[in-house]
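Novice: Next one to model:
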Amino acid sequence: MSTESYASSALVLVVDDDDMGRAMCCTALRGVGMDVVEAASVDAALAYLERSLPDAVVLDVMLPPRSGFDVLQYIRGERGNPYLPVLVLTALHDGSSVSRAYDMGASDFASKPIHPLQLSQRLRFLLRNFETQRRLNESQARLELAQSTARLGHFEFDSQTAELLLHRTAERLLGRKEQSSPVTMEELIERTPKEERERVREAWRAARSGEALHLIHRLIGWDERERFVECHTVALPERPSRALGTIQDVTERQQTRAQLTYLAQHDVLTGMLARSTFVDRVNAAFAALPAGSELVLALIDLDRFAAFNEAYGSASGDEVLRNVARRLEMPPRDEWRTLFGSPERRLVTRIAADQFALLCPHPSGSPDSLARLGRAIQQLVAQPFEVGKQPVFFTSSVGLAVYPGDGNDADSLLLHAQAAVKEAKLLGPNQVRRFTAALSAHGVLRRRLEPELRAAIEQRTLEIHYQPKLELSTGRCQSAEALVRLRLRDGTLCPPLQFLSLCEELGLMVQLDSVVLDAACAQAQRWMDRDFGPIRIAVNLSHESFWDPGLVDRVRAAVSFAPSNACPIDLELTETIVVGDPGAAKQRLLDLRELGARIALDDFGTGHSALAHLRHLPLDTLKIDRAFMAGLPDEPSDVAIARAIIALAKSLKLEIVAEGVEQQAQVAFIRNEGGNCVQGYAIARPMVAADVERFFINPAKVATGPIKIR
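Specialist: Here you go, the predicted structure:
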């Protein structure tokens, strides 16, 4: 509602003992749309005011036996309404009555008799002012509520006197009792902690020179409580020496920001430095290191931690990690504290889930000082941890790298320490390894190979070479083993052991085996379509592929080109794959054989050789590992092993294939002992499919020399 509308529809109490005068006032006010309530005496007026409050009062002073001032006193005093419009009318013309009316809170004063138009206009003016004041008060109250909620206050700053006149919102915010006296700039600065005073003083000096102020600092309020405050000022163009300012309590915001900064710089679980913060501080330590000094970065990997987590739960695992962190930060033994260096010279962090990093001074003094450091770390970790009121024990693998010899920055040193700890874990649990140049070369090779290997698998550009097998009963080659090869960008072939071990490490064996299986099946179909006869192709399966839930479906799709009774695919797997769970392995092998695939047990004699399980597995072929071929036919132990394996295979009615055959004498031995098939350089080296086709047609005309690999 607008102020004009409010004034036109107001409810007015008219108090006058003169019937004629009261009637004249009421008529004038009703004529302009106002509602009117009449009272002929003070008592009648007070009775009405006790029940209700009008929008305005027209009040005659002379109301014998009492006075209109009694009504005014009631409105301003007992009812506590300082803003209700009260127009006082009187026939008295003495100045004392006028002064008394204004002193008691009259809004305006007029002499009787008053012209009706003048009465209505003056009352409208008072009502509009009252409504404007009411809205202003509400706005001020909302502003103060918002400022209080935002913990914000405002002030005026006089640059000439260097004084701040604090509004009550600012005084409440700073714990100061509401006062009318200003606060000096220096008094405010003195309430700042000493370490921040000079910065704060310089900012206020700039504000005195007319610059805008924006400042966040700590301040001890008049209630002696420390808080963070943020101050802003802006100069008034029309009053250059004055500026308006705000001051806000931003303690919670600063605490939240500090907490977020802490979380960004620290490990949430252990409270140790986060990796990024650790790297920054390690580089700073390198920069500050005196010439000729060395630092050691130790990477500590908890052995068997994943198995512990599975057995005891992640909550217990987290508690172990926190305990390891505490031990590294505050070693419980004097000799460990001496060896690891003082706290200010030692940096520790959790670098990965169960890996910690320790940077400490090089424990020079003896040739085995680094070994002593590694053993001390292992001893620290080996102390028992209490889990569920029971002691549990851990060993650790430790990799060591030295600055500046093994790396000139934190990232390179961490990379080399990581290579060392991986090498330590390959040796078994509880080992210590120092970084060497050989490990560096391995890391470089891995970084080079990984993107090329991933791309070759994803784009299916791996090469498949085939090594023919000779059937001893016919003297013909009617089968081959598919062998995967990785050709690098420079055109050379990568040694299989290198990229296959990397493939296992990266968890890509399932994808790689799938590529080889599809390629081998496609090649078998091409040979069938070209009437090369029933050429069987053997495909190797890794542990990951054999136990992958999707294996049977993948094989079914790959061999769908051939009827199950004429499937030309052999699947080769090592005995270590099947001995872990013979029952599940047997069912998986039966499912594969139903598709027409034949099953060969590869590298026999080099694994677990669990004969009790072997006789129950649905196998077709037993392959004698190349390790037993080297001594044939002259080495008695190799001869004995080969004969035993052949005899075992015959008893189980399995086909016998000897691989790694490189001499004709070995071929003759296997033939004489009753073997079925041989494979190796004595027959043919691995070759591409086109060469295999020519070899099958005329072996004598195909060059089967070694393929150059590196």
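Novice: how near is Leu289 to Arg598?
Specialist: Here the criterion is C-beta to C-beta, to the nearest Å. By it, Leu289 lies 65 Å from Arg598. C-beta coordinates here come from the backbone N, C-alpha and C atoms, glycine included.
Novice: More neighbours: these two, which one.
Specialist: Taking neighbours as other C-beta atoms under 10 Å, Leu289 and Arg598 compare with Arg598 leading, 18 against 14.
Novice: list the contacts for the more buried one?
Specialist: 536, 567, 569-571, 620-621 (C-beta atoms under 8 Å, 6 or more residues apart in numbering).
Novice: do the same with Asp602
Specialist: Asp602 makes contact with 540, 572-574, 623, 625 under the criterion C-beta under 8 Å, 6+ apart.
Novice: Just those residues: which are in strands?
Specialist: Among the contacts of Asp602, the members falling in strands (DSSP state E) are 540, 572-574, 623.
Novice: I'd like those residues laid out as TSV, including neighbour count and distance to Ser316.
Specialist: Below are the ones in strands among the contacts of Asp602 laid out as TSV (neighbours: other C-beta atoms under 10 Å; distance: C-beta to C-beta, whole Å):
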residue	neighbour count	distance to Ser316
Asn540	22	40
Glu572	20	42
Leu573	24	37
Thr574	21	36
Lys623	26	45
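Novice: which one in those residues is the model shakiest on?
Specialist: Across those, the smallest pLDDT goes to Thr574, namely 85.
Novice: Isn't it up against Leu622?
Specialist: No. If you go by C-beta atoms under 8 Å, Thr574 and Leu622 don't touch, sitting 11.9 Å apart.
Novice: which neighbours do these two share?
Specialist: When contacts are counted by C-beta under 8 Å, 6+ apart, Thr574 and Leu622 are jointly contacted by Leu601.
Novice: Which of the contacts of Arg598 scores worst on pLDDT?
Specialist: Ranked by pLDDT, the contacts of Arg598 bottom out at Cys567 (86).
Novice: what's the spacing between it and Val559?
Specialist: Look at Cys567 and Val559: by C-beta to C-beta, they are 5 Å apart.
Novice: Overlap of the contact sets of the two?
Specialist: In terms of C-beta under 8 Å, 6+ apart, Cys567 and Val559 are both contacted by the residues 595-597.
Novice: For Leu347, state which of those residues is nearest.
Specialist: Checking the shared contacts of Cys567 and Val559 against Leu347 by C-beta to C-beta gives Ala597 as the nearest, at 56.5 Å.
Novice: quick one, what contacts Lys425?
Specialist: Neighbours of Lys425 in contact, by C-beta under 8 Å, 6+ apart: 301, 303, 397, 431.
Novice: For those residues, pick the one with the most neighbours.
Specialist: Within those, most neighbours by other C-beta under 10 Å means Ser397, with 27 neighbours.
Novice: For that one, give me its contacts.
Specialist: By C-beta under 8 Å, 6+ apart, the contact set of Ser397 is 300-301, 303, 421, 424-425, 429-432.
Novice: Just the pLDDT at it, thanks.
Specialist: In this prediction Ser397 is given a pLDDT of 94.
Novice: Kindly confirm my reading that it is in a strand.
Specialist: Yes. Under DSSP: H, G, I helix; E, B strand; the rest coil, Ser397 sits within a strand.
Novice: how close does it sit to Ala44?
Specialist: Ser397 is 100 Å from Ala44, by C-beta to C-beta.
Novice: same question, Pro391
Specialist: Per C-beta to C-beta, Pro391 is found 94 Å from Ala44.
Novice: cool, Thr277 as well?
Specialist: According to C-beta to C-beta, Thr277 and Ala44 sit 81 Å apart.
Novice: Next: Leu13.
Specialist: From Leu13 to Ala44 the distance is 10 Å (C-beta to C-beta).
Novice: ditto for Val661
Specialist: Distance, Val661 to Ala44, using C-beta to C-beta: 131 Å.
Novice: These two: which has the busier surroundings?
Specialist: Val661 (26 against 17).
Novice: What is the burial count for the nearest residue to the more buried one once chain neighbours are set aside?
Specialist: Distances taken as C-beta to C-beta, 6 or more residues apart in numbering put Gly680 closest to Val661, at 3.5 Å, once the chain neighbours are dropped. By the measure other C-beta under 10 Å, the count of residues near Gly680 is 20.
Novice: repeat for Ser181
Specialist: By other C-beta under 10 Å, 8 other residues sit near Ser181.
Novice: Report pLDDT for it.
Specialist: So, for Ser181, pLDDT stands at 83.
Novice: go on, the one 10 residues further on?
Specialist: On pLDDT, Arg191 comes in at 92.
Novice: hang on, it packs against Asp223?
Specialist: No. Under the criterion of C-beta under 8 Å, Arg191 is not in contact with Asp223, lying 11.1 Å apart.
Novice: List the contacts of Gln383.
Specialist: So, once contact is read as C-beta under 8 Å, 6+ apart, Gln383 ends up touching 327, 332.
Novice: For Arg530, see how far away it is.
Specialist: From Gln383 to Arg530 the distance is 70 Å (C-beta to C-beta).
Novice: And Arg208, by the same measure?
Specialist: Separation of Arg208 from Arg530 (C-beta to C-beta): 97 Å.
Novice: try Pro582
Specialist: To Arg530, Pro582 is 41 Å away according to C-beta to C-beta.
Novice: neighbour count winner among these two?
Specialist: The neighbour comparison of Pro582 against Arg530 (other C-beta under 10 Å) goes to Pro582, with 15 against 9.
Novice: Pull the contacting residues for the residue nearest in space to the middle of the chain.
Specialist: For the chain, Ala264 is the residue whose C-alpha lies nearest the centre (C-alpha atoms, centre = their mean; 9.6 Å). By C-beta under 8 Å, 6+ apart, Ala264 lies in contact with 274, 276-277.
Novice: gap between Glu544 and Ser501?
Specialist: Distance of Glu544 to Ser501, computed by C-beta to C-beta: 13 Å.
Novice: Comparing these two, which residue is more hemmed in?
Specialist: Per other C-beta under 10 Å, whichever of Glu544 and Ser501 has more neighbours is Glu544, with 18 against 12.
Novice: residue contacts, that one?
Specialist: 504, 507, 509-510, 513.
Novice: Please narrow those residues to those residing in helices.
Specialist: Among the contacts of Glu544, the members falling in helices (DSSP state H) are 504, 509-510, 513.
Novice: between those, which is closest to Ala23?
Specialist: Nearest to Ala23 among those is Val510, at 105.4 Å by C-beta to C-beta.
Novice: burial of the closest one, as a residue count?
Specialist: Number of residues near Val510 (other C-beta under 10 Å) recorded here: 18.
Novice: who has more neighbours, Arg191 and Asp223?
Specialist: Higher neighbour count among Arg191 and Asp223: Arg191, with 19 against 10, using other C-beta under 10 Å.
Novice: Give me the nearest residue to that one, chain neighbours excluded.
Specialist: Spatial nearest neighbour of Arg191, excluding adjacent residues (C-beta to C-beta, 6+ apart): Ile220 at 4.8 Å.
Novice: And the pLDDT for the one you found?
Specialist: Note on Ile220: pLDDT of 91.
Novice: Then Ala7?
Specialist: The model reports Ala7 with a pLDDT of 60.
Novice: Check Ile707 too.
Specialist: Confidence at Ile707, expressed as pLDDT, is 31.
Novice: go on, Pro618?
Specialist: Note for Pro618: predicted pLDDT of 91.
Novice: returning to what we had before: how about the residue nearest to Arg191, what does it touch?
Specialist: Ile220 makes contact with 191-193, 226, according to C-beta under 8 Å, 6+ apart.
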